[in-house]
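Visitor: have a look; sequence and predicted model below, questions after that.
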Amino acid sequence: MPKFLYISFAFLFSLTLAKAQEKEIDPPYNIKTVSFVQNGSNVVPIFELGSTFQLQFDDLFGNEANYYFEIVHCDYNWKPSDIPKTDYILGFDNQRIMDYTNSFNTLQIYSHYRLSFPNQFATQLKISGNYMLKILNEDREVVFSRKFILYENHCTVAAQIKRSRNLTNINEKQNIDFSISSNDIVFQTPLQNVKVLLLQNGDFNTSIKNIRPQYTIGNQLVYKYDAETQFWGGNEFLYFENKDIRAANNNVAKVSSTSDIYSSFLYTSPARANQIYTVYQDINGNFVVKNINGSNQEIEADYAWVYFSLSAPAFRLNKDIYITGMFNNYSLSPEYKMDYNADKGIYEKAVMIKQGFTNFQYRVADKKGVIDFENAVDGNFYQTENEYTILVYYRESTDRYERVIGKGNANSLNIIN
């Protein structure tokens, strides 16, 4: 092959790699409780441009390891944008995380890390859009990564949750009707330039994308689809509470101290798919780190082995069951895959979780990680209370990147026919 052709192919191949879709990387077993924090609470990582927030995580090795951070701006499809880093970052990334503290008075030692925006490196994000935050080790290898989104307030999103109009799933699905209007932006060719992202309970893994406006009224975009904007209703999240790690609290059957750290054994959960819907107060998959005997929850809350068990005798699919929630970023990694105990006839799994109040759910997926909503262990009910988020992306013909120009919220608590 001529040398110039070889160089051309190599260049094109490198461009292809550079434009590969950014995907979240699950942390290793020693990294726990990765969360975005704003105003002292764990939140879905969607922030208004210019606001302050943090990424926090624990390293169970507790050896004050050096971690670095890198920020990548992405387009609507989570591919790196074709803009230089100086266009979206004021200050620097690829810096060492300097804000960390060791745990205090805990059986499980750990180092707690906080990465703030803005921070001491004057790192500020200048534009809205999709971002991938990568945490690196000393060898500049990616330890884990997390998505977050910054938005501007340039449009109004009005939304209403309705039942499905299809009688075959009217009792199982929830549909989002919404409209987008703006007073300071005149949408240019909105069928091509306006895109939306629909989220249920802040879970990026189950998002709905690439929905075009059904029709327009002046500068208002209307989305009144049925199947295209539907989510499975699911069921209310389960929860457990071990704020006092030595006592059996809500949904904790017993506590053991025979190992190096405490163990919390939860009551066996029955599969709820064939039961009637029951109101079950939850926080839509979120969690709260809490030690009632400590004052600084970030470093005084301990870790416990939490033993989950699920009775699902009718579950016969050739698929796996995972324990998910915001506490593990809805991960379908082997660490959270349940094992079937043939002697007891139940599914079991032990997971190390920071103490407090934790929402979780059982999720069915195949070997490739494709979620099976229709055969959910706990069923699907239109009455389920879910929080929905609508994000609006816009890119004019002269723009070099896609802006997120608005955000809307709706809750299925007020679902209508």
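Guide: Arrived safely.

Visitor: what are the contacting residues of stretch 206-222?
Guide: 76, 179-182, 185-187, 190-191, 194-200, 223-225, 228-229, 231, 330, 371, 373 (CB atoms under 8 Å, 6 or more residues apart in numbering). Using the backbone N, CA and C atoms, a C-beta is placed for each residue, glycine as well.

Visitor: sticking with M352, tell me its helix or strand.
Guide: strand 346-354 (DSSP states H and E).

Visitor: for the following helix or strand past that strand, packing partners?
Guide: Moving toward the C-terminus from strand 346-354, the next helix or strand (DSSP H and E) is strand 356-365. With contacts taken as 3 or more CB pairs under 8 Å, 6 or more residues apart in numbering; DSSP states H and E, strand 356-365 sits against strand 238-241, strand 287-289, strand 303-311, strand 320-324.

Visitor: follow-up on the earlier one: now the contacts of stretch 206-222: which count as buried?
Guide: 76, 179-182, 185, 187, 190, 194-200, 223-225, 229, 231, 330, 371, 373 (16 or more other CB atoms under 10 Å).

Visitor: in helices only, show me these.
Guide: P190 (DSSP state H).

Visitor: where does the stretch 101-250 of the chain dip in pLDDT?
Guide: 121-122 (pLDDT under 70).

Visitor: what do you get if the cut-off is 80, keeping everything else the same?
Guide: The stretch 101-250 of the chain contains residues with pLDDT under 80 at 119-123.

Visitor: likewise for the stretch 301-417 of the chain?
Guide: Residues of the stretch 301-417 of the chain that meet the cut-off, pLDDT under 80, sit at 316-317.

Visitor: circling back to that earlier point, tell me which of the helices and strands packed on strand 356-365 is the most buried.
Guide: Among those, ranked by average contacts under mean count of other CB atoms under 10 Å, first place goes to strand 320-324 (a mean of 23).

Visitor: ok, then the element right after that one?
Guide: Assigned by DSSP H and E, the successor of strand 320-324 is strand 339-341.

Visitor: show me what that following strand is packed up against.
Guide: Right, strand 339-341 is packed against strand 346-354 by 3+ CB pairs under 8 Å, 6+ apart.

Visitor: helices or strands up against the strand it packs on?
Guide: The contact analysis (3+ CB pairs under 8 Å, 6+ apart) places strand 346-354 against strand 31-38, strand 303-311, strand 320-324, strand 339-341.

Visitor: in TSV, list the ones you listed along with distance to I46.
Guide: As requested, the helices and strands packed on strand 346-354 are exported to TSV (distance: least, CB to CB, whole Å):
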stretch	distance to I46
strand 31-38	9
strand 303-311	28
strand 320-324	19
strand 339-341	35
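
Visitor: mind checking those for the one nearest to I71?
Guide: strand 31-38 (13.6 Å; CB to CB).

Visitor: what mean pLDDT does that closest one get?
Guide: The pLDDT scores in strand 31-38 average 97.

Visitor: tell me the buried residues in the helix or strand that it is followed by?
Guide: Using DSSP H and E, the helix or strand that follows strand 31-38 in sequence is strand 41-43. Neighbour-count burial for strand 41-43 flags 42-43 (criterion: 16+ other CB under 10 Å).

Visitor: so what strands line up beside strand 41-43?
Guide: strand 31-38 (antiparallel) (DSSP bridges).

Visitor: next, the buried residues of the partner strand.
Guide: For strand 31-38, using 16+ other CB under 10 Å, the buried residues are 31-38.

Visitor: same list, these, but as CSV with distance to E236 please.
Guide: Shown next, in CSV, are the buried residues of strand 31-38 (distance: CB to CB, whole Å):
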residue, distance to E236
I31, 29
K32, 25
T33, 23
V34, 24
S35, 22
F36, 23
V37, 25
Q38, 25
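
Visitor: and of those, the nearest to Y401?
Guide: For those, the nearest to Y401 is F36 (22.1 Å; CB to CB).

Visitor: how near is the closest one to P118?
Guide: F36 sits at a distance of 15 Å from P118 (criterion: CB to CB, to the nearest Å).

Visitor: show me what contacts R96?
Guide: Here R96 is in contact with 66-68 (criterion: CB under 8 Å, 6+ apart).

Visitor: can you read off the backbone torsions of L413?
Guide: When read as degrees, to the nearest 10, the backbone of L413 gives phi -60, psi -30.

Visitor: run a quick neighbour tally on it.
Guide: Here the count is done by other CB atoms under 10 Å, and L413 has 11 residues near it.

Visitor: mind checking the SS state of the closest residue in space to it that isn't next to it in sequence?
Guide: Ranked by CB to CB, 6 or more residues apart in numbering and with sequence neighbours excluded, the top spatial neighbour of L413 is E385, at 5.0 Å. Classification of E385 by DSSP: H, G, I helix; E, B strand; the rest coil places it in coil.

Visitor: E385: how many residues sit nearby?
Guide: 19.

Visitor: that one contacts N411, doesn't it?
Guide: Yes. Assessed by CB atoms under 8 Å, E385 is found in contact with N411 at 6.8 Å.

Visitor: what sits against the residue nearest to L413?
Guide: So E385 contacts 236, 282, 284, 411-413 (CB under 8 Å, 6+ apart).

Visitor: what residues are up against the residue lying closest to S309 once chain neighbours are set aside?
Guide: Nearest non-adjacent residue to S309, counting by CB to CB, 6+ apart: T268, 4.3 Å away. By CB under 8 Å, 6+ apart, T268 lies in contact with 309-311, 346.

Visitor: stretch 390-399: end-to-end distance?
Guide: End-to-end distance for stretch 390-399: 22 Å, by CA to CA, to the nearest Å.

Visitor: now it: buried residues?
Guide: 390-395.

Visitor: could you work out the most separated pair of the residues you listed?
Guide: Between all members of the buried residues of stretch 390-399, the farthest pair (by CB to CB) comes out as I390 and R395, at 17.4 Å.
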